[in-house]
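this is a predicted model, with the sequence first.
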There are 2 protein chains.
Amino acid sequence: MSVASTLPAGAASSSRQTPVRVVLAGFGTVGRSVAALLTQPGDEVSLVAVVDRRAALKQEGWDGAGVRWTESLDEALDAGADVFVELIGGLNPAEQWIRAALERGISVVTANKQVIAHAGPALFALAASRGCQLRFEGAVAGGVPVIRAIESGLAGDTLTEVAGILNGTCNYILTRMEQDGADFGDALKEAQKLGYAEADPSMDVNGGDARAKLAILAMVALGVQAPAHAILAEPITDVSPIDFQYARRLGCTIRQISRASRDEAGTLTAAVGPALVPFASALARVNGSENLVKVKGRFGGETSFGGRGAGGDPTAVAVVSDVLAIARGVRPAGVRTAVEVDRVSSDASVPYYVRFTVRDRPGIIAALATVFAKHAINIDAILQEQGFPDSARPFMVSLDEAPSQTVRAALTEITAFDFHVAPPLAMPVLA
Amino acid sequence: MSVASTLPAGAASSSRQTPVRVVLAGFGTVGRSVAALLTQPGDEVSLVAVVDRRAALKQEGWDGAGVRWTESLDEALDAGADVFVELIGGLNPAEQWIRAALERGISVVTANKQVIAHAGPALFALAASRGCQLRFEGAVAGGVPVIRAIESGLAGDTLTEVAGILNGTCNYILTRMEQDGADFGDALKEAQKLGYAEADPSMDVNGGDARAKLAILAMVALGVQAPAHAILAEPITDVSPIDFQYARRLGCTIRQISRASRDEAGTLTAAVGPALVPFASALARVNGSENLVKVKGRFGGETSFGGRGAGGDPTAVAVVSDVLAIARGVRPAGVRTAVEVDRVSSDASVPYYVRFTVRDRPGIIAALATVFAKHAINIDAILQEQGFPDSARPFMVSLDEAPSQTVRAALTEITAFDFHVAPPLAMPVLA
């Protein structure tokens, strides 16, 4: 073991003499990990200030020397920041804080999916006009460097599709339901106990969190900028253990899947929600709180990126990697133009799984079949597990490929029948 | 659909008025795809010359206008190149050509694993001294942007392990053997017929190709620069259908696995060869000619990158993404110091699978067991499938975790016994 050599080219010009001064806002789980990474030995970066609403409290037991603790953003930025790391989350005041830093010409690193999904392009333009950077690797898929990989590593390709498991909480819950036959409520409680789900889990289980991440991926990978709220998000709350039993008989399990595609005309199709995925697919094998992002390119085919999508340390790696990129003078990869759209289609043509729960009586199948036939939807199979009472009998109908709009129209008619004891649950079956 | 907005920050300063002039050397499968991508509409890059030993022949049927065809590197570079793309493969003259371009201050993009594994650091230093870049995303895992993801996206972490499936030919062959019970020779012939294997497949099946890629990953991910030939490479040629049967009984399949790790003291442990991997692992689910790279970081845990590891189009995407990074003024990510080592350990302590093929007679198990006991190696299980003649009976011994050096020493002793009709085949069993 001997001589040390420097890799790769450009190192000489990109290394700095004085460390880059970092101001960190938000000292929660991720913030704490970021602070720990930034205060490791090394001369590239230096944490100079922490802004937190409860600075006095959070500071206790933390022994980083030379770090200023404050509740005031202005005071922190006045400490002479080169990079502002925003980890307070939510839209407000995070967006204003990011804007304030950029306006002073201070580069920003954030893991805030809501802000980037909502105001990304305006903030990128502001950063460009001030000659600084806005980086957000941690906003999607936590520690998995998918933003960089897409923006730079696949720049030579034209990407047409992106799909993945973007919410670790949902994936944890659905994995538990699959493996232990747990019902949704119990799996959620367990996720909360382990810190995988918040006290109010609605953003996760209703798809709001994944939708914001999908909007970012659509912007970065597909070059289409759509408001997150325009993307259809369906909750996983109605998925029950019986659905896993039926899915298994179709060779599938159930995952919360986010998917978006762009056609030649520039139309964005995107949706988030529970879906059946074949056991043989990579998506089915994502367990616990992991994330997986797959992209499809016209030339490179399918490429996938997986790893820990949440948690303090993995997200902190993404944040610190962004800080280091700025410290090393790496410019963002893309000259990428995102087309703004107001409307997002959710009208992909796919096979469907529908589970009905009915008060049993003769004629139910005939009634359903008549409605599906009227909408020109083919029934593929009907399955009914034994052991349920006549008063609440779940059975499954699988449908051949049909536009989701048509399937929804048919289900609206079917829901009007009086034999349901729970609303039908429809999920796409992905190839 | 309306206003177009520019993303992300830095775009203004990194976009150029005049296209970057590219000279391409090597017009094989990848070169042809690169040329096709570079001549798509757009004003960022312009293919100005192609160098190929058989320029006159290759030029036929290719209709890119304004491209100069030549057999001479000097003539091509004199065309006023900004970027030289080296796709001729092999060590010579590729290395000299890369050097010649860098010496003139021309940035280089290559997919040449042999050159980067062999002379990477010297060439990076040369590039740095001339103020230009040397990029090599296509050298490892084809279209999967793993180099960038590691260098930049995981810069904030300290990586300790890298493992993966880096050779699509071996993976195709082993997948066929797993799925159809084909023997090695037939699977290889099929791979050759489909263009997945060369007429001389030795670099692939003996591990030479994967070893060069692993050396590059060790340099980029672990910061250790070792000569590729110092990495133990074991061939997959002796794997037979019976090994898949036994592996299945252990819950495993067989893949060519490349793995490297670095301990706290800086020692590099690395090896390439066939290994048993559990069906439940991501590695077992890599099918056909796909690649998968997994890295483990101290903070971010395990992150994986998968996709098409070979073929013209995916590799071309990697090459063109590198060209675009240069065109867009993106500087390489890392100030990364690689420690040079001469020796690589292959002495990881792992469980082993050993398959013996013997002329059956009493006392064989006793003889083996005595040798293993002498070396303090525990036998986990012994399995013997029915239906083989006494004259050539294959059976399997699985061993508890033991240093591979010790296992090899025991096997050397065992190989001296006269009951073998084929040399024992030992493979590590990976967790």
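Received it, and whenever you're ready, just let me know what you need.

counting by contacts, list what the helix or strand where A:Val22 lies packs against.
Remark: A:Val22 resides in strand A:20-25, with elements defined by DSSP states H and E. Secondary-structure packing of strand A:20-25 (3 or more C-beta pairs under 8 Å, 6 or more residues apart in numbering or on different chains; DSSP states H and E): helix A:29-38, strand A:45-51, helix A:73-77, strand A:83-86, helix A:312-327. For glycine as for every other residue, the C-beta is placed from the backbone atoms N, C-alpha and C.

can you give me the angle that strand makes with strand A:45-51?
Counting by axes from the mean of the first three to the mean of the last three C-alpha atoms, to 10 degrees, strand A:20-25 lies at 30 degrees to strand A:45-51.

now the angle from strand A:20-25 to helix A:29-38?
Here the directions of strand A:20-25 and helix A:29-38 differ by 160 degrees (the same axes, to 10 degrees).

give the partner strands of strand A:20-25 in its sheet and their orientations.
Note on strand A:20-25: by DSSP bridges, its sheet partners are strand A:45-51 (parallel), strand A:83-86 (parallel).

so for that strand, mean pLDDT?
The pLDDT scores in strand A:20-25 average 96.

now for the residue in the stretch 151-300 of chain A that chain B sits nearest to, how many residues are close by?
The minimum distance from the stretch 151-300 of chain A to chain B, using C-beta to the nearest C-beta, falls at A:Gly153 (2.2 Å). Burial of A:Gly153 is recorded as 31 neighbouring residues (other C-beta atoms under 10 Å in any protein chain shown).

before we move on, back to that, make JSON lines out of the strands paired with strand A:20-25 and add mean pLDDT and mean neighbour count.
Formatted as JSON lines, the strands paired with strand A:20-25 follow (pLDDT from 0 to 100; neighbours: other C-beta atoms under 10 Å in any protein chain shown):
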{"stretch": "strand A:45-51", "mean pLDDT": "95", "mean neighbour count": "23"}
{"stretch": "strand A:83-86", "mean pLDDT": "98", "mean neighbour count": "28"}
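
in CSV, list those strands along with distance to A:Leu123.
As requested, the strands paired with strand A:20-25 are arranged in CSV below (distance: least, C-beta to C-beta, whole Å):
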stretch, distance to A:Leu123
strand A:45-51, 19
strand A:83-86, 11
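
quick check: which of those strands is nearest to A:Leu38?
Ranking the strands paired with strand A:20-25 by proximity to A:Leu38 (C-beta to C-beta) places strand A:45-51 first, at 4.4 Å.

helix or strand right after the closest one?
Later in the chain than strand A:45-51, the nearest helix or strand by DSSP H and E is helix A:55-59.

around chain B, pick out the residues from the stretch 151-300 of chain A.
A:151-157, A:219-220, A:225, A:266, A:282, A:285, A:297, A:299-300 (C-beta under 8 Å from any C-beta of the partner chain).

among the residues you listed, which pair sits farthest apart?
Among those, A:Gly266 and A:Arg285 lie farthest apart (C-beta to C-beta), at 33.2 Å.

more neighbours, these two?
A count of neighbours by other C-beta under 10 Å puts A:Arg285 above the other of A:Gly266 and A:Arg285, at 19 against 12.

now A:Gln59: closest residue in space that isn't a chain neighbour?
Closest residue to A:Gln59 apart from its sequence neighbours, by C-beta to C-beta, 6 or more residues apart in numbering or on different chains: A:Trp69 at 4.6 Å.

ok, that neighbour - contacts?
Residues in contact with A:Trp69 (C-beta atoms under 8 Å, 6 or more residues apart in numbering or on different chains) are A:Ala49, A:Val50, A:Asp52, A:Ala55, A:Ala56, A:Lys58, A:Gln59.

hang on, it in a helix?
No - using DSSP: H, G, I helix; E, B strand; the rest coil, the secondary structure at A:Trp69 is strand, not a helix.

got the domain ranges for chain A?
A:17-135, A:146-308, A:349-428 (automatic domain parsing).

most packed of those domains?
Highest mean neighbour count among the domains of chain A (mean count of other C-beta atoms under 10 Å in any protein chain shown): domain A:146-308, with a mean of 21.

gap between that one and the chain center?
Centre-to-centre, domain A:146-308 and its host chain are 7 Å apart (C-alpha atoms, centre = their mean, to the nearest Å).

can you give me the first-to-last residue distance of that domain?
Taking C-alpha to C-alpha, to the nearest Å, domain A:146-308 runs 12 Å from one end to the other.

got it, and stretch A:373-382?
With C-alpha to C-alpha, one end of stretch A:373-382 sits 15 Å from the other.

and for stretch A:74-89?
One end of stretch A:74-89 sits 18 Å from the other (C-alpha to C-alpha).

is chain B contacted by stretch A:140-148?
Yes - Stretch A:140-148 reaches chain B (C-beta under 8 Å from any C-beta) through A:Gly143, A:Val144, A:Pro145, A:Ile147, A:Arg148.

and whatever residue of the stretch 301-431 of chain A ends up closest to chain B, how far from A:Ile147?
Closest residue of the stretch 301-431 of chain A to chain B, C-beta to the nearest C-beta: A:Val320 (3.0 Å). Counting by C-beta to C-beta, to the nearest Å, the gap from A:Val320 to A:Ile147 is 15 Å.

helix, strand or coil for A:Gly387?
A:Gly387 - assigned by three-state DSSP - is coil.

contact partners for it?
So A:Gly387 contacts nothing (C-beta under 8 Å, 6+ apart).

now the strands: where do they sit in the stretch 301-431 of chain A?
Secondary structure of the stretch 301-431 of chain A by DSSP state E, counting those that start in this stretch: the strands cover A:301-308, A:336-340, A:349-358, A:379-383, A:393-403, A:420-428.

right, and the ones you listed - which one's nearest B:Gln192?
strand A:301-308 (21.8 Å).

how about the closest one, does it reach chain B?
Yes - on the criterion C-beta under 8 Å from any C-beta, strand A:301-308 is in touch with chain B at A:Gly301, A:Glu302, A:Thr303, A:Ser304, A:Phe305, A:Gly306, A:Gly307, A:Arg308.

quick one: residues contacting the third one.
With contacts defined as C-beta under 8 Å, 6+ apart, A:Thr303 is in contact with A:Ala149, A:Leu154, A:Lys294, A:Val295, A:Gly297, B:Gly143, B:Val144, B:Pro145, B:Phe305, B:Gly306, B:Gly307, B:Arg308.
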